[in-house]
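> Got a sequence here, can you model it:
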Amino acid sequence: MELVCPACGAVNRVPGERLQQQPKCGKCGAEVLPAHPIELNGGNFGKFVSRDGLPVLVDFWAPWCGPCKMFAPVFSQMAGSYVGRVRFTKVNTEAEQGLAGQHNIRSIPTLALFKGGREVDRVAGALPAQQLEAWLRQH
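Modelled structure (predicted):
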């Protein structure tokens, strides 16, 4: 399976049986599957959603958004629970207005799930942990 390094952007091949063993990047030595959400931007977004072998869940958020702030701990906790199964990532729509526009983000927070480079589903609003888990299980 190919995994993009969140630190340097290198694409690493990791056998499926090693996903739960905290694999390191062959180029920079950083942890390839951190237990926290990865910040994406215009420079690395495309590589993560198109090259990463895991589904990529993107939280489109903004620092001034109250529901986004309330949802952040839930999203971070879920990221730790889904290591090796789903990539939890975040895009700050204030800093990355081009990405927000490109993906037609009309309200925040918006969660978009990508598989194989394509968006397969999205949901708007801050979800409780149980509801987020149920939504992820559908995919």
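> Helix or strand: which one has the residue nearest the centre of the chain?
Centroid check for the chain by Cα atoms, centre = their mean gives T89 as the closest residue, at 2.4 Å. Here T89 sits within strand 87-92, counting by DSSP states H and E.
> so how far is the following helix or strand past that strand off the chain centroid?
With elements assigned by DSSP H and E, the helix or strand that comes after strand 87-92 is helix 97-102. Its chain's C-alpha centre and that of helix 97-102 lie 16 Å apart, by Cα atoms, centre = their mean, to the nearest Å.
> residues in contact with helix 97-102?
40-42, 45, 60, 91, 93 (Cβ atoms under 8 Å, 6 or more residues apart in numbering). The C-beta positions use only the backbone N, C-alpha and C, and glycine is treated the same way.
> from those, which would you call buried?
Buried by 16 or more other Cβ atoms under 10 Å: 40, 45, 60, 91, 93, out of these.
> State the paired neighbours of the helix or strand that contains the third one in the sheet, together with their directions.
F60 belongs to strand 56-61 when assigned by DSSP H and E. On the basis of DSSP bridges, the sheet neighbours of strand 56-61 come out as strand 87-92 (parallel), strand 110-115 (antiparallel).
> thinking again about what came up before, what's the closest of the buried ones among the contacts of helix 97-102 to G116?
F45 (15.1 Å; Cβ to Cβ).
> Could you identify which of the strands paired with strand 56-61 is most buried?
Greatest average neighbour count among the strands paired with strand 56-61 goes to strand 87-92 (a mean of 23), per mean count of other Cβ atoms under 10 Å.
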